[in-house]
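J.: Okay, sequence plus prediction incoming.
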Amino acid sequence: MDIQQAKVAVQTALQPVLTDLGLTAEQILSLIEVPKNSQMGDFAFPTFQLAKQLHQAPVQIAQNLVEQLDASAFAKVEAQGPYINFFLQRFDVAQTTIQTILMQQQDYGSTTQGQRRTMVLDMSSPNIAKPMSMGHLRSTVIGNSLANILAKLGYQPVKINHLGDWGTQFGKLMVAYKKWGSEAEVKADPITNLQKYYVKFHQLDKEHPELDDEAREWFKKLENGDSEATHLWEWFRTESLKAFTKVYDELGINFDSYKGEAFYNDKMDAVVQELADKGLLETSQGAKIVDLGEQLPPAMIKKSDGATLYITRDLAAAIYRKQTYDFDKAFYVVGSEQSVHFAQLKAVLTKLGYTWANDIEHIRFGLITSGGKKLSTRAGRVILLEDVLHDSVELAQQQIALKNPNLKNKEQVAHDVGVGAVIFHDLKNNRTDNFDFQLEEVVRFEGETGPYVQYTHARAMSILRKANYQGQVAAFDAATLDDNAWNIVMNLAHFPEIIQQAARQKEPSLIAKYALKLAKSFNHYYAHTKILVEDDQLASRLNLVQAVAIVLTEALALLGVQAPDEM
């Protein structure tokens, strides 16, 4: 019996005594919980929702229902407070779970439910000529993890890096370069110097508003195809992509498309014309808008000077992506502050008659702060992502030098641990929450960190190496299943369900929190059990350790984090 069959067995036991109360099988199944403490059973059914209907206290309801249940499929069923707690037949569940993991290996938890349907993810999307900062981390790693989770469930993710490679900021950068820059400086260190010029522009433009006029002129030149402006734009873009690729390589992330804002320059007129043809464009103070009623502010499609806006470009991009990929869903992994923008995007597409607008979803996320303050490129308060990754790897090297100075491949391990620590720390936080970043807290081998999970995996692999484990699938010995081992089994059994929940909620933190929980349960087992003892239960214990190693590896992989065999 696997864990899903066990859950259905709970529902089946409850159904005869709850049907008369109007609860369907699906409703009963949805109410079944997993207690936080295994002493309270393996599954629990709360009776609060029945109190009003039965005019009884939940504690009394639980007691009455237990007396009516057929408990023959379970080791024990009992009422504890307002809950009916079900204790499973441990051996059957453990045997099925461990053997399934050892047979399926990295495919444990995989499904074909996606049927290769295309899921487009708009993610990362840094601005050209600006460095990738910690502010870009969330969109990048959340999007990548969601793509991994979707692929695990049989979908076809398409990762699109919608580069910010167009807009008035290029006019500002060109003015700054012409006034304060040099070709030699840019060639020596492109991103650092371009960023320096951009910050200087914004430091001076408040006192010198004529700089903004010059910036508008330069951007107009670029839009009109001026040779010098085009040359500068192409140069800035090429150098930026080189710098971005270096960071993406560090993170182990790649993309299926780098089509940015500039790609849609020749595709916006058709969208504007379609809006006009369908009578959706209105003029307001010289600007072209689409009225979206009382629920949303109007969508400005063109400014009074004829310039297009982000939404014009995003409309063209959405239509292009539907035509190109025929996506089942389109996810925009963008900060929460853009919620209104994406609501407007969907509303305009709906007014245009595109029913697939309902398949667009804004995957919003909170901010990373530093010292409680929002990171800002314009103000020069920026923490470079490349620097953070470098420092994180250095901290990992220092810890490895203390704990295991003779480690083989320690440079590669330090890289995997340092980079993995940054990714894991981001993804363990609920997607919509803000969090403050402190590097020293991130790269620790203890506590709720990525290195802690990686170290647990390495510990499991060390045990298997010492035992010369060859991957044998032995009959599972029920005597192996003390409470500590059972906690591991239950965590392992729930992994496929956790993947499903993470996909439904678009929430990678569920995977990260699961990995931490499994690691803690294994370390507790390790601390209280002599695993490498030559007895008739050794094979069962080693199978359990191998199952943990497999699932920790796969959980980390879904987050985009490596699992070193030694640390």
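T.: On my side now, so go ahead.
J.: Not counting residues beside it along the chain, what's closest to Asn430?
T.: Excluding the flanking residues, the one nearest Asn430 by C-beta to C-beta, 6 or more residues apart in numbering is Ser509, at 5.2 Å. Where you see a C-beta, it was placed from the backbone N, CA and C, and this is true even at glycine.
J.: For Met567, give its distance to Ile400.
T.: Going from Met567 to Ile400 by C-beta to C-beta, to the nearest Å gives 7 Å.
J.: Compare these two and say which is more crowded by neighbours.
T.: Met567 (25 against 21; other C-beta atoms under 10 Å).
J.: you'd agree the more buried one is up against Val413?
T.: Yes. Counting by C-beta atoms under 8 Å, Met567 does reach Val413; the two are 6.0 Å apart.
J.: what touches both of those two?
T.: Ile400, Leu407 (C-beta atoms under 8 Å, 6 or more residues apart in numbering).
J.: contact partners of stretch 292-305?
T.: Residues beyond stretch 292-305 that count as contacts (C-beta under 8 Å, 6+ apart) turn out to be 272, 275, 281-282, 284-291, 308-309, 311-312, 315, 340, 343-345, 347-348, 351.
J.: measure it end to end?
T.: 22 Å (C-alpha to C-alpha, to the nearest Å).
J.: Report the buried residues of it.
T.: Leu292, Ala299, Met300, Ile301, Lys302 (16 or more other C-beta atoms under 10 Å).
J.: Provide the secondary structure category for the fourth one.
T.: The reference is to Ile301. What DSSP: H, G, I helix; E, B strand; the rest coil gives for Ile301 is strand.
J.: Which pLDDT value goes with it?
T.: We have a pLDDT of 96 for Ile301.
J.: The first one too?
T.: Leu292 is assigned 96 on the pLDDT scale.
J.: give me the element it is part of.
T.: Under the criterion DSSP states H and E, no helix or strand holds Leu292.
J.: re the thing from before, so which of the buried residues of stretch 292-305 is the closest to Lys187?
T.: Distance ranking of the buried residues of stretch 292-305 against Lys187, using C-beta to C-beta, places Lys302 first at 37.8 Å.
J.: returning to what we had before: if I look at the residue nearest to Asn430, how far off is Phe45?
T.: Applying C-beta to C-beta to Ser509 and Phe45 gives a distance of 27 Å.
J.: Which one's more surrounded, those two?
T.: Taking neighbours as other C-beta under 10 Å, Ser509 and Phe45 compare with Phe45 leading, 27 against 20.
J.: so what sits against both of Met567 and Ile400?
T.: Leu407, Val413, Val417.
J.: Now pLDDT, secondary structure and neighbour count too, for those, in CSV please.
T.: Output for the shared contacts of Met567 and Ile400, formatted as CSV (pLDDT from 0 to 100; DSSP: H, G, I helix; E, B strand; the rest coil; neighbours: other C-beta atoms under 10 Å):
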residue, pLDDT, secondary structure, neighbour count
Leu407, 94, coil, 17
Val413, 97, helix, 22
Val417, 98, helix, 30
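J.: what's the closest of those residues to Ile360?
T.: Within these, proximity to Ile360 (C-beta to C-beta) peaks at Val417, which comes in at 37.3 Å.
J.: Hmm, the closest one is touching Ile400, no?
T.: Yes. Using C-beta under 8 Å, Val417 is in contact with Ile400, at 7.5 Å.
J.: How many residues are close by the residue nearest to Leu345 when sequence neighbours are not counted?
T.: Take Leu345 and drop its neighbours on the chain: the residue closest to it by C-beta to C-beta, 6+ apart is Asp314, 5.3 Å away. Each residue near Asp314 was counted by other C-beta under 10 Å, and the total is 23.
J.: And the spatially most central residue of the chain, how far from Gly366?
T.: Geometric centre of the chain, nearest residue: Ile142, 3.0 Å, by C-alpha atoms, centre = their mean. In this view, Ile142 and Gly366 are 11 Å apart by C-beta to C-beta.
J.: Need the overlap of contacts for the two.
T.: Arg431.
J.: For Gln273, pull up the helix or strand it's in.
T.: Here Gln273 is assigned to helix 268-277, by DSSP H and E.
J.: My error: substitute Gln470 in the last question.
T.: Using DSSP H and E, no helix or strand contains Gln470.
J.: before we move on, what about Tyr514?
T.: Using DSSP H and E, Tyr514 falls in helix 509-528.
J.: Could you give the number of residues near Ile128?
T.: Neighbour count for Ile128, taken as other C-beta under 10 Å: 26.
J.: what's the distance between it and Glu228?
T.: 17 Å.
J.: now do Ala357
T.: 41 Å.
J.: The two: who's more crowded?
T.: Remark: of Ala357 and Glu228, Ala357 carries more neighbours, 18 against 12, as counted by other C-beta under 10 Å.
J.: show me the contacts for that one.
T.: Ala318, Lys346, Ala347, Leu349, Thr350.
J.: ok so, going back, now that we have the contacts of stretch 292-305, which of them are buried?
T.: 272, 275, 281, 287-290, 308-309, 311-312, 315, 343-345, 347-348, 351.
J.: now, which of the residues you listed lie within strands?
T.: Members of the buried ones among the contacts of stretch 292-305 lying in strands (criterion: DSSP state E): Ala287, Lys288, Ile289, Val290.
J.: where does Asn85 land in three-state SS?
T.: Per three-state DSSP, Asn85 ends up strand.
J.: Just give the nearest non-adjacent residue to it, would you?
T.: Nearest to Asn85 is Gly41, by C-beta to C-beta, 6+ apart, at 3.2 Å.
J.: Likewise for Tyr83?
T.: Tyr83's closest residue in space is Ala44 (C-beta to C-beta, 6+ apart), at 4.5 Å.
J.: Check the spacing between the one you found and Lys36 real quick.
T.: 10 Å.
J.: Please identify which of these two sits among more neighbours.
T.: Shown here are Ala44 and Lys36; by other C-beta under 10 Å, Ala44 has more neighbours (22 against 8).
J.: Please identify the helix or strand for that one.
T.: Using DSSP H and E, Ala44 falls in strand 43-46.
J.: For Ala215, give me its contacts.
T.: Thr168, Gly171, Lys172, Met174, Val175, Phe201.
J.: The same query, at a cut-off of 7 Å, please.
T.: Residues in contact with Ala215 (C-beta atoms under 7 Å, 6 or more residues apart in numbering) are Thr168, Gly171, Lys172, Val175.
J.: again, but for Ala71
T.: Ala13, Val77.
J.: From Lys466, how far off is it?
T.: Distance from Ala71 to Lys466, by C-beta to C-beta: 43 Å.
J.: Then Glu446?
T.: 23 Å.
J.: do the same with Leu349
T.: With C-beta to C-beta as the criterion, Leu349 and Lys466 are 59 Å apart.
J.: In terms of neighbours, single out the busier of the two.
T.: Per other C-beta under 10 Å, whichever of Leu349 and Lys466 has more neighbours is Leu349, with 21 against 10.
J.: Ala318 is in contact with the more buried one, correct?
T.: Yes. Using C-beta atoms under 7 Å as the test, Leu349 is close enough to Ala318 to be in contact (6.2 Å).
J.: Contacts for the longest helix belonging to the chain next, please.
T.: Counting by DSSP state H, the longest helix found in the chain is helix 227-251. Residues outside helix 227-251 that contact it (C-beta under 7 Å, 6+ apart): 126, 128-129, 132, 140, 165, 170, 173-174, 177, 190-191, 194, 218, 221-222, 254, 385-386, 389, 419, 423.
J.: Can you tell me which of those residues are buried?
T.: Looks like those have 126, 128-129, 132, 140, 165, 170, 173-174, 177, 190-191, 194, 218, 221-222, 385-386, 389, 419, 423 buried, using 16+ other C-beta under 10 Å.
J.: Filter these down to the ones in helices?
T.: Those of these lying in helices (DSSP H): 140, 170, 173-174, 177, 190-191, 194, 218, 221-222, 385-386, 389, 419, 423.
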